[in-house]
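Asks: need the 3D shape of this:
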Amino acid sequence: MLNIDDTAVYTDFNALAKLKNEAKEKTPNAIKDVAKQFESVFVGMMLKSMRQAKLADGILDNSQSDFYRDMYDQQLSIHLSGENGMGLAEVIERQLSPDQSIAISKEQSIADYERRNLMIKAAKNSREQPSIMPMLDSLSTQSINSVSDFVNQLRPYAEQAAKKLGVDANILLAQSALETGWGKSIIKSKEGNSSHNLFNIKADRAWQGAKTAIETLEYKDGISKKEMAGFRSYESYQESFEDYVDFIKTNPRYKTAIKMAGKAERYMHELQQAGYATDPNYADKVIRIYNSTAISQGSDTLAQK
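Replies: Residues are numbered from 1 along each chain as shown. Okay, the predicted model is just below:
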């Protein structure tokens with residue numbers, strides 16, 4: 001069994017190679033060590049980005065001083081990720097672990113999200129580490145494999161959004177559950193990347209961010225019809241909730257819905273009345289999910305749309 005302390009120097013390639021072989025076994029101890037090693041890599045990338053953010057070179061800076069500074073930073077990243085680390089290793093360990101049934105508190109979920117985003121944003125600023133980016137992007141979200149995953153992972157973000165709107169968090173979870181089939185039908189790009197669009201908000205002319213065009217089912221005069229439409233894309237589920245809040249609060253047509261925010265069912269009916277969705281039964285479907293035990297208890301029993 002190899003411990004992270006065995007890799008005490010970043011130039012110890014033999015120890016790193018041994019760590020890679022241990023990781024293939026996917027044992028809890030091996031996964032823990034790999035997670036700590038990756039944390040040290042992320043810390044190193046963050047330090048590198050911070051160094052690059054300086055306004056100008058110092059009068060004594062030269063290629064040699066840069067070389068030794070980089071050596072120091074890489075060694076420092078290993079020490080910072082030592083015994084207690086910075087918390088990111090725990091997140092990576094849960095991502096790599098085959099056992100996804102460990103319950104995570106709301107506070108921990110939010111803390112995990114903030115840690116991941118801090119490291120990801122810092123790493124993306126470094127232009128010299130492109131090979132690690134696909135793995136970094138995968139850390140920005142956790143996989144949703146069941147109704148309980150959907151409810152437990154999204155509840156912290158739903159509650160944050162609900163406070164800003166004055167609504168019950170469960171009605172937001174119910175609405176996003178209907179829109180995405182409990183996370184199973186989230187819109188994806190042509191490359192297969194998730195749009196993280198939990199409310200299927202369309203990319204209108206005012207939208208300046210990324211978007212994905214897909215075929216969608218729209219209703220006109222009670223008759224359904226398929227047509228192509230562009231939808232907004234986000235980097236995370238939390239961004240989706242934040243944009244939903246902004247979308248509702250900045251659209252004048254939803255003023256009445258916001259006034260009814262304290263009454264979840266009235267709020268949803270007013271959203272539909274204002275044209276949020278073309279499905280004539282949209283509000284009733286959301287409310288059915290809202291009143292189900294799937295939302296309140298995170299049941300694994302899939303609710304029907």
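Asks: ignoring the adjacent residues along the chain, who's closest to Met260?
Replies: In space, and not counting its chain neighbours, Met260 is closest to Arg266: 4.0 Å by CB to CB, 6 or more residues apart in numbering. The C-beta positions use only the backbone N, C-alpha and C, and glycine is treated the same way.
Asks: okay, now the one you found: neighbour count?
Replies: 15 (other CB atoms under 10 Å).
Asks: what do you get for Phe247?
Replies: 18.
Asks: does it touch Ile201 like I think?
Replies: Yes - Phe247 is in contact with Ile201 according to CB atoms under 8 Å; the separation is 5.6 Å.
Asks: tell me where this structure has helices.
Replies: 13-23, 28-52, 63-80, 88-96, 106-124, 133-138, 147-165, 169-180, 237-250, 255-259, 264-273, 282-290, 293-297 (DSSP state H).
Asks: domain parsing for this protein?
Replies: 4-138, 147-297 (automatic domain parsing).
Asks: against Ala283, how distant is Leu178?
Replies: Distance, Leu178 to Ala283, using CB to CB, to the nearest Å: 10 Å.
Asks: also Ile186?
Replies: For Ile186, the distance to Ala283 equals 22 Å [CB to CB].
Asks: how about residues contacting stretch 264-271?
Replies: 167-168, 170-171, 175, 248, 254, 256-261, 277, 283, 286-287, 290 (CB atoms under 8 Å, 6 or more residues apart in numbering).
Asks: what about Tyr290, how many residues close to it?
Replies: For Tyr290, the neighbour count with other CB under 10 Å is 24.
Asks: below-threshold pLDDT in this structure: ranges please.
Replies: 1-31, 34, 38, 42, 46-47, 49-69, 77-89, 91-142, 217-225, 297-305 (pLDDT under 70).
Asks: ok, now which ones touch Ser240?
Replies: Ser240 touches 176, 196-199, 234, counting by CB under 8 Å, 6+ apart.
Asks: please redo it, this time with the cut-off set to 6 Å
Replies: Neighbouring residues of Ser240 by CB atoms under 6 Å, 6 or more residues apart in numbering: 196-198, 234.
Asks: kindly report the same for Lys259.
Replies: So Lys259 contacts nothing (CB under 6 Å, 6+ apart).
Asks: again, 10 Å this time
Replies: Neighbour list for Lys259: 166, 266-267, 270 [criterion: CB atoms under 10 Å, 6 or more residues apart in numbering].
Asks: same deal with Leu154?
Replies: By CB under 10 Å, 6+ apart, Leu154 lies in contact with 109, 142, 144, 161, 169, 172-173, 176-177, 180, 183, 198, 237-238, 240-241.
Asks: going by distance to Ser40, which of those residues wins?
Replies: The nearest member of the contacts of Leu154 to Ser40, counting by CB to CB, is Gln142 at 22.0 Å.
Asks: what do Leu178 and Ala283 both touch?
Replies: Jointly contacting Leu178 and Ala283 under the rule CB under 10 Å, 6+ apart are 277, 290.
Asks: tell me the phi and psi of Gly181?
Replies: Phi and psi for Gly181, reported as degrees, to the nearest 10, are phi 60, psi 50.
Asks: neighbours of it, how many?
Replies: That count, for Gly181 with other CB under 10 Å as the rule, works out to 13.
Asks: which residues belonging to stretch 242-249 are considered buried?
Replies: 242-245, 247-248 (16 or more other CB atoms under 10 Å).
Asks: check stretch 179-196 too.
Replies: Using 16+ other CB under 10 Å as the test for burial, stretch 179-196 gives 179-180, 182-183, 186-187, 194-196.
Asks: export the residues you listed as TSV, with columns for distance to Ala206.
Replies: Listed next are these as TSV, based on distance: CB to CB, whole Å:
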residue	distance to Ala206
Glu179	20
Thr180	23
Trp182	30
Gly183	27
Ile186	23
Ile187	19
Ser194	23
Ser195	18
His196	19
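Asks: what's the farthest-apart pair in those residues?
Replies: The most distant members of the buried residues of stretch 179-196, if one measures by CB to CB, are Trp182 and Ser195, lying 16.2 Å apart.
Asks: okay, the contacts of Ser240 in CSV with distance to Gly44 next?
Replies: Listed next are the contacts of Ser240 as CSV, based on distance: CB to CB, whole Å:
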residue, distance to Gly44
His196, 28
Asn197, 33
Leu198, 34
Tyr234, 28
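Asks: most neighbours among those residues, please name it.
Replies: Leu198 (28 neighbours).
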